[in-house]
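Student: sequence first, predicted coordinates after that:
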Amino acid sequence: MTNNIIIFDTTLRDGEQSPGASLDIHEKVQIAKQLALLNVDVIEAGFPVSSQGDFESVRRIAQEVRGVSVAGLARAVEKDIDAAAKALEKAEKPRIHVFLATSEIHRKYKLFKAKEEIINLAVKGVGYALKYVDDVEFSPEDASRTELEFLVQVVEAVIDAGAKTVNIPDTVGYAVPDHYAAIIRGLRERVGNINKAVISVHCHNDLGLAVANSLAAVKAGAQQVECTINGIGERAGNAALEEVVMALKTRHDFYKYSTRIVTKELIATSKLVSTLTGLRVQRNKAIVGENAFAHQSGVHQDGIIKERTTYEIMKPEDVGHLKTRLVLGKLSGRHAFKERIKELGYELSEEEVARAFEEFKHVADRKKEIFDEDIEAIIGIEKMDVPAIFQLESLSISCGPNTVPTAGVRIRLKGDKIVNNTTNGDGPIDALFKAIDLSTGISGKLQDYNIRSVTGGKDAMGEVFVNVEINGKIYGGRAVSTDIIEASAKAYLNAINKVASKNIEYAPVVVKKSSMKL
Ligand code: KIV
Ligand code: ZN
């Protein structure tokens, strides 16, 4: 056994199943490239048979992301495996991940199949996938609620059939650390051919134990951990990659295992995933939360000044936290701006730099001090790379007590046509979004609206995230500005531009009320 734990990232598959997350192909490819920089061993890019969009994003990631295994999920049926194999055709290191439920509850109520049938289907699924690729992983879904004796038979059979990795999912987050470790130990002791495959773990966080269970399993002999950035995923999420990795690194004395993860990329990856999915990271989130390395109490601050290790078990810079520095202002030139972007670790094309600099100047006109966080927020928008089919030229709002909230917008369409519209709403944002609907001819239903200040101070930039339902699909939008009404309009337009740039047939202009009074 090596002392290296394989990190299998499923942000783009299980993570994308998070309620409220919405990623388009371009965003998935961006995240996959960042995961490659983070140096994960395997990227599970999607479930190709589940939709055309998933198929296409797995295909693009397989084609464009090098130096890492790319996996596609498939049920143990031929049409799923065919789709996964096709999507992975161009991958440098393709992996097909076949799954089939094994627990009594799933056998009895979902699959209506006896134990022998389950084993036959699992073996057939693995054998069929092996016709396409050498690297096949099998997951007995709901393994942690499967009778251990039966699980031993399934695992032995799929390893005999050629599975190189066998994953033991705690699908419903039912396991607790001692119990889960006992399953892994039990498999290691009782499966005769266990050394021919890698044992993997995949934990959900329904009891808040996903990371603890994964680590207990590693101690019991698991060699691969499946996890997601920021712990996003179905229901309460999956084990958070950054927590698993930093626990193994910080407590190497105890675990004696390492990973290949470039930990300095953790914050950048967390921010990118949060920005693109619209799923905010809580302030006190371990490793990547804003407060993760903040010291409030005077006693702690005093200790830190005397000796950092009195109250810090990890170095903030090891996970990519940067010290907030006052960097630039109104008079800073393009060169200084470009240099700072580089220092912050971003690679932008000349065109992106030019657009970001224009936005920086715009912000600097209104905000005296520009912090690193402000620059990162601006860059985050540029990195989204959504064509500006509709551009906000100006807006006006009137609202307040005893006033009917009214918004007017002036929007420039590609081709330079200008459209003006003014309308009322339940609140200023409702009126604003309705005026945008009228001007663009695309009607959105607001599903989620979030705002936060990028830094402290009354002149801080506001960052707005929206999730908008358009033609039955959810599109995320994001924007920043020192004016939060402007940021709201731009975030909403950002979501609308995603639809417009796909040339989707627009729904007739029906101005619906947003579901929230904003
Ligand atoms: O939670 C689960 O069981 C899964 C499998 C498909 C691996 O996500
Ligand atoms: Zn899962």
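Tutor: Structure's in. What do you need? Numbers count the residues shown, from 1 in each chain. Ligands and ions are numbered 1, 2, ... in the order given.
Student: which positions within the helix or strand encompassing Glu339 qualify as buried?
Tutor: Following DSSP states H and E, one finds Glu339 within helix 334-343. By neighbour count on 16 or more other C-beta atoms under 10 Å, the buried set for helix 334-343 is 337-338, 340-341. Every C-beta, even on glycine, is put in place using the N, C-alpha and C of the backbone.
Student: contact partners of that helix?
Tutor: Residues from elsewhere that reach helix 334-343 (C-beta atoms under 8 Å, 6 or more residues apart in numbering): 327-328, 348, 353, 356-357, 360, 372, 375, 379.
Student: what is the burial count for Ser69?
Tutor: Applying other C-beta atoms under 10 Å, we find 19 residues neighbouring Ser69.
Student: that one and Val40 touch, don't they?
Tutor: No - at 9.0 Å, Ser69 does not count as touching Val40 under the criterion of C-beta atoms under 8 Å.
Student: look at the residue lying closest to Arg308 once chain neighbours are set aside and report its pLDDT.
Tutor: Spatial nearest neighbour of Arg308, excluding adjacent residues (C-beta to C-beta, 6 or more residues apart in numbering): Lys315 at 7.7 Å. Per-residue pLDDT puts Lys315 at 93.
Student: how about stretch 216-236, does it reach ligand 1?
Tutor: No - residues of stretch 216-236 contacting ligand 1 under C-beta under 6 Å from any ligand atom: none, with a closest distance of 6.9 Å.
Student: quick check: phi and psi at Asn494.
Tutor: Taking degrees, to the nearest 10, you get phi -60, psi -40 for the backbone angles of Asn494.
Student: mind checking how far it is from ligand 1?
Tutor: For Asn494, the distance to ligand 1 equals 30 Å [C-beta to the nearest ligand atom, to the nearest Å].
Student: gap between the residue nearest to Arg308 and ligand 1?
Tutor: 33 Å.
Student: neighbours of that residue, how many?
Tutor: Counted by other C-beta under 10 Å, the residues lying close to Lys315 total 12.
Student: can you offset everything so residue one is 57?
Tutor: Understood, numbering begins at 57; the last thing we discussed is Lys371.
Student: partners of Ile526 in the sheet?
Tutor: According to DSSP bridges, the partner residues bridging Ile526 are Lys529.
Student: that one reaches Gly500, doesn't it?
Tutor: Yes - between Ile526 and Gly500 there is a contact at 4.9 Å, judged by C-beta under 8 Å.
Student: the more surrounded of those two?
Tutor: Neighbours per residue, other C-beta under 10 Å: of Ile526 and Gly500, the larger number sits with Gly500, 27 against 20.
Student: residue contacts, that one?
Tutor: Neighbour list for Gly500: 489, 493, 524-526, 531, 548, 551-552 [criterion: C-beta under 8 Å, 6+ apart].
Student: which of those fall within helices?
Tutor: Judged by DSSP state H, the subset of the contacts of Gly500 located in helices is 489, 493, 548, 551-552.
Student: neighbour-wise, give me the winner out of the residues you listed.
Tutor: Using other C-beta under 10 Å as the neighbour criterion, Phe489 leads these with 33 neighbours.
Student: gap between it and ligand 1?
Tutor: Distance, Phe489 to ligand 1, by C-beta to the nearest ligand atom: 36 Å.
Student: okay, now the domains of this structure?
Tutor: 62-333, 350-439, 446-556 (automatic domain parsing).
Student: so which of the ones you listed is the most surrounded?
Tutor: Most buried of these by mean neighbour count (mean count of other C-beta atoms under 10 Å) is domain 62-333; its value is a mean of 21.
Student: tell me which parts of the chain are close to ligand 1?
Tutor: Proximity of the chain to ligand 1 (C-beta under 6 Å from any ligand atom) is limited to residues 70, 155, 195, 197, 223, 225, 227, 258, 260.
Student: list the residues that contact whatever residue of the stretch 257-406 of the chain ends up closest to ligand 1.
Tutor: Nearest residue of the stretch 257-406 of the chain to ligand 1: His258, at 5.1 Å (C-beta to the nearest ligand atom). Residues counted as contacts of His258 (C-beta under 8 Å, 6+ apart) are 66, 70, 195, 223-227, 282, 294-295.
Student: toward the C-terminus from the helix holding Glu395, list the very next helix or strand.
Tutor: Using DSSP H and E, the first helix or strand after helix 390-399 is helix 406-422.
Student: ok so Val460 is a strand residue?
Tutor: No - assessed with DSSP: H, G, I helix; E, B strand; the rest coil, Val460 is coil; it does not lie in a strand.
Student: would you report the backbone torsion angles of the nearest residue to it once chain neighbours are set aside?
Tutor: Spatial nearest neighbour of Val460, chain neighbours left out: Asn480 (5.2 Å); criterion: C-beta to C-beta, 6+ apart. Recorded main-chain torsions at Asn480 are phi -100, psi 170, according to degrees, to the nearest 10.
Student: so who does Asn480 touch?
Tutor: Taking C-beta under 8 Å, 6+ apart, one finds 460-462, 487, 490 in contact with Asn480.
Student: quick check: bridge partners of it?
Tutor: Thr462.
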